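Need the 3D shape of this:
(chains A and B)
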Amino acid sequence: MVETMAKQAVQANGICKSYKGFFTKATMVLKNISLEIDEGEIFGLLGPNGSGKTTLISIFSTLIYPELGSLRILGLDGQKDRDQIRKLINISTAKPNFPWSLTVKENLRHYGMLYGLYGSGLARIVSDQIDAFELNDFQDMKFEDLSTGLKQRLSLAKAMLNSPRLLFLDEPTTGLDPDISLKTRLLIQRIHKEQNISVLLSTHYMPEAEMLCDRIAFLRKGEIVALDTPQNLKNHLGLGEKVIVQFLGQVDTAEIEKVPGVLSVSSVPGKAEITIDRNADSLDRIVKLFARAKILDISIKEPDLEDVFIELAR
Amino acid sequence: MNWRGKLNKYLASAYKNWIISKRNIFTVFELFFWPMISLLSIGLLTRFLKVDEGMGSFLLVGAIALTILQVAQIDVAYVLLFDMWSKSIKNTFIAPVHSYHLVFGALLFGILRGSVVFLILVVVSRYLFGFNFLAGGPVPVIIFLAGVFATAAVIGIAVCISILTFGQKADVAAWSLSGLILLFSGIYYPIDVLPASLQVVARAIPLTYFLEYYRSVFIPEPHNLAVGALLAAFYLIAGLILFDRAIERARRTGIMLRLSE
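Down below sits the predicted model:
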């Protein structure tokens, strides 16, 4: 079988997509997207709202079709083998929706049937997903009565019904409380580890991408503006380390700005944030400029993806 | 995938419709209230007009046919309407399913519900109006019901195609199309009374032929059942092809995504 030999979960080349209403002009939402995602990788799609993340995931999952470009999913042709691809993938989205009056168990049963599961096999898989996603106490609760977090867990459980080799997660923690978000991230990590599936995750939460993703692509206005590992992105963008000094007294920030390796300085009375080039040996000289003040605290913060996001979203 | 897995892909829609229907109090209205209103009003009209037995059967066959047509067609349409209302359409179409899985599963449940309504109406019309619907034996009844259910499937498919083509506002088609069928197929009158141009439309509707066939059991008249059967088969096949095309178009235009948001 072709798909068992695939090294890439996704191979996209020159994907373009625009939307057009009956009376409106076409709006280009994806422009010439090319990327490869390895099998077994957790790949992150980051970008501000409206950057094209959901459209790209929808195209990769064959829910909608691109106008231009070629696509291979798990080694299968994205145009000719769509039926075969749909058997091997699944999706969980932000703010998931399911038929309201079906319970958790009935929803899983219904979607399991759509994947051709039957009899005791279907009952076992439904039961396994209910266990895996800790839905036991809620399995007979109607979808409309579930909390947002439980709806998200149901969505993830549904996405695992067909044991997919490639899982699409479109902003899976949007709208969740921080503790539920963390639980969901750990759940995603566990699924990926236990089942060794490829995951394409879209998010605009930087900690989520940093925690989960092997590589990240930044989308802006339908284009990939950066693609690398989280660490390399931080390094290559030269965002520098942030030195935060809390002090009593006066400090001449203009002098600090002149120190070689200092990228920027922002200060309020009693606190200065200095961004320095991580490769430059400037910390010692900066500290000396605080000689006339009393340093209360000094900390160094590595740039995080939040900084990368802000930089790239500009 | 073995035959049980393939069968379950069809039964998934019937399962969903069954669960939603049994939890919905308004199902009672669909199964009992409106069918009874329809039958009683036509039955009482036949009393008021003092129509003969043949004319009474003509009108009551129409009332019963219309009712089961509406019940079965809405079940086929529900296969997408429920998904559209709950914004879960993408969960259905991310799975490896085709139009025929959705239509035949939903139609199966529509046939079950339509048969329940049919039995109720047969019993009520027998006791209240002395009309024996089964006078011609089981074979004409089965043929007649098959024609009504096939027409219902075609209307349900047309509603699904409208939803995928025009989006959420198209759900009004679910309730309008069967009204048009009522007008053109001679539910309460022979199609000869229609203007010539509308008679052409009537002759293009399979239900017209199945109604004429079944009424011939009570009032011997010529009929052309074979044309009705061929038309029904043609529309069903064409409907399924067009439904699959509408799905593909919705994927191309992105409506599939918008229906889930």
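
Averaged pLDDT, stretch B:123-137. What do you get?
For stretch B:123-137, mean pLDDT is 89.

Next, the buried residues of it.
Using 16 or more other C-beta atoms under 10 Å in any protein chain shown as the burial criterion, the residues of stretch B:123-137 that qualify are B:124-125, B:129, B:131, B:133, B:136. Backbone N, C-alpha and C define where each C-beta goes, glycine included.

Equivalent analysis for stretch A:248-257, please.
Residues A:251, A:256 are the ones in stretch A:248-257 that count as buried (16+ other C-beta under 10 Å).

do the same with stretch A:32-49
By neighbour count, with 16+ other C-beta under 10 Å as the criterion, the buried positions of stretch A:32-49 are A:33, A:35-37, A:39, A:41-47.

quick check, residue A:44 in a helix?
No. The assignment for residue A:44 is strand, going by DSSP: H, G, I helix; E, B strand; the rest coil, so no helix is present there.

Run through the residues that contact the closest residue to residue A:176 other than its chain neighbours.
With C-beta to C-beta, 6 or more residues apart in numbering or on different chains as the criterion, residue A:176 has its nearest non-adjacent residue at 5.6 Å, and that residue is residue A:149. Under the criterion of C-beta atoms under 8 Å, 6 or more residues apart in numbering or on different chains, the contact list for residue A:149 reads A:176-177, A:180, A:183-184.

Just the buried residues of those.
Buried residues within those, counting neighbours by 16+ other C-beta under 10 Å: A:176, A:180, A:183-184.

residue ranges with poor pLDDT in the stretch 101-250 of chain A?
For the stretch 101-250 of chain A, the stretches flagged by pLDDT under 70 are A:234-240.

again, only using 80
Applying pLDDT under 80 to the stretch 101-250 of chain A flags residues A:174-177, A:179-180, A:204-207, A:231, A:233-241.

again with chain B
Within chain B, the ranges that satisfy pLDDT under 80 run B:1, B:28, B:168-169, B:171-175, B:261.

for whichever strand or helix holds residue B:155, packing partners?
Following DSSP states H and E, one finds residue B:155 within helix B:138-166. When contacts are defined as 3 or more C-beta pairs under 8 Å, 6 or more residues apart in numbering or on different chains; DSSP states H and E, helix B:138-166 packs onto helix B:53-85, helix B:99-129, helix B:173-184, helix B:206-218, helix B:225-253, helix B:255-258.

mind exporting the last one as CSV, just the C-alpha atoms?
This file holds the C-alpha atoms of helix B:255-258, laid out as CSV (Å, rounded to 0.1, in the frame of the first residue of the first chain):
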residue,chain,number,x,y,z
ILE,B,255,-19.9,26.5,1.9
MET,B,256,-19.1,23.2,3.7
LEU,B,257,-17.0,25.2,6.1
ARG,B,258,-19.4,28.1,6.5
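
now check it, is it near chain A?
Yes. Under the criterion of C-beta under 8 Å from any C-beta of the partner chain, helix B:255-258 makes contact with chain A via B:256-257.

ok, residues contacting that helix?
With C-beta under 8 Å, 6+ apart as the test, helix B:255-258 has contacts from A:54-55, A:58, A:63-64, B:89-90, B:93, B:164-165, B:167, B:247, B:249-250.

Get me the contact residues on the stretch 151-300 of chain A for chain B.
Applying C-beta under 8 Å from any C-beta, we find that the stretch 151-300 of chain A lies next to chain B at A:158, A:162.

ok now do the closest residue to chain B within the stretch 151-300 of chain A, which residues does it touch?
When scored by C-beta to the nearest C-beta, the stretch 151-300 of chain A has residue A:158 as its residue closest to chain B, at 6.8 Å. For residue A:158, the contacting residues are A:90, A:92, A:98, A:107-108, A:111, A:129, B:91, taking C-beta under 8 Å, 6+ apart as the criterion.

hmm, back to that, least trustworthy position among the buried residues of stretch A:32-49, going by pLDDT?
Scanning those for pLDDT, the smallest score is found at residue A:47, 86.

so what's that one closest to, chain neighbours aside?
Spatially, and ignoring its direct neighbours in sequence, residue A:47 is nearest to residue A:219 (3.5 Å; C-beta to C-beta, 6+ apart).

and the closest residue to residue B:83 other than its chain neighbours, what does it touch?
Leaving aside its chain neighbours, residue B:83 sits nearest to residue B:89 (4.4 Å; criterion: C-beta to C-beta, 6+ apart). Taking C-beta under 8 Å, 6+ apart as the contact definition, residue B:89 lies against B:80, B:83, B:256, B:259-260.

I'd like those residues laid out as JSON lines, including neighbour count.
Formatted as JSON lines, those follow (neighbours: other C-beta atoms under 10 Å in any protein chain shown):
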{"residue": "B:80", "neighbour count": "30"}
{"residue": "B:83", "neighbour count": "24"}
{"residue": "B:256", "neighbour count": "23"}
{"residue": "B:259", "neighbour count": "20"}
{"residue": "B:260", "neighbour count": "24"}
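
Going by distance to chain A, which of these wins?
residue B:256 (5.6 Å).

So the residue nearest to residue A:47, which state does it fall into?
Assigned state for residue A:219: strand (three-state reduction, three-state DSSP).

That one contacts residue A:46, correct?
Yes. The criterion here is C-beta atoms under 8 Å, and residue A:219 meets it with residue A:46 at 6.9 Å.

list the residues that contact both of these two?
residue A:53.

picking up where we left off before, and the residue of the stretch 151-300 of chain A closest to chain B, which helix or strand is it part of?
Using DSSP H and E, residue A:158 sits within helix A:148-159.

Residue A:265 too?
Taking DSSP H and E as the definition, one finds residue A:265 inside strand A:262-268.

Counting by contacts, list what the helix or strand just after that strand packs against.
Beyond strand A:262-268 in the direction of the C-terminus, DSSP H and E gives the next helix or strand as strand A:271-276. In this structure, strand A:271-276 makes packing contacts with strand A:241-248, helix A:253-258, strand A:262-268, helix A:283-288, judged by 3+ C-beta pairs under 8 Å, 6+ apart.

Would you mind saying which of the helices and strands packed on helix B:138-166 lies nearest residue B:151?
Residue B:151 lies closest to helix B:206-218 among those, at 4.3 Å (C-beta to C-beta).

Tell me which residues of the closest one come out buried.
Within helix B:206-218, the residues that qualify as buried by neighbour count (16+ other C-beta under 10 Å) are B:206-215, B:217-218.

mind giving me the domain split of chain A?
Residue ranges for the structural domains of chain A, counted by automatic domain parsing, are given in the record as A:3-228, A:239-304.

ok, now which ones touch residue A:293?
Contacts of residue A:293 were listed using C-beta under 8 Å, 6+ apart, and they are A:247-251.

mind listing what residue B:252 touches?
Residues in contact with residue B:252 (C-beta under 8 Å, 6+ apart) are A:64-65.

my guess is residue A:89 contacts residue A:166, does it?
Yes. Using C-beta under 8 Å, residue A:89 and residue A:166 qualify as a contacting pair, with a distance of 4.6 Å.

so residue A:86 touches residue B:91, yeah?
No. Checked against C-beta under 8 Å, the pair residue A:86 and residue B:91 is beyond contact range at 12.0 Å.
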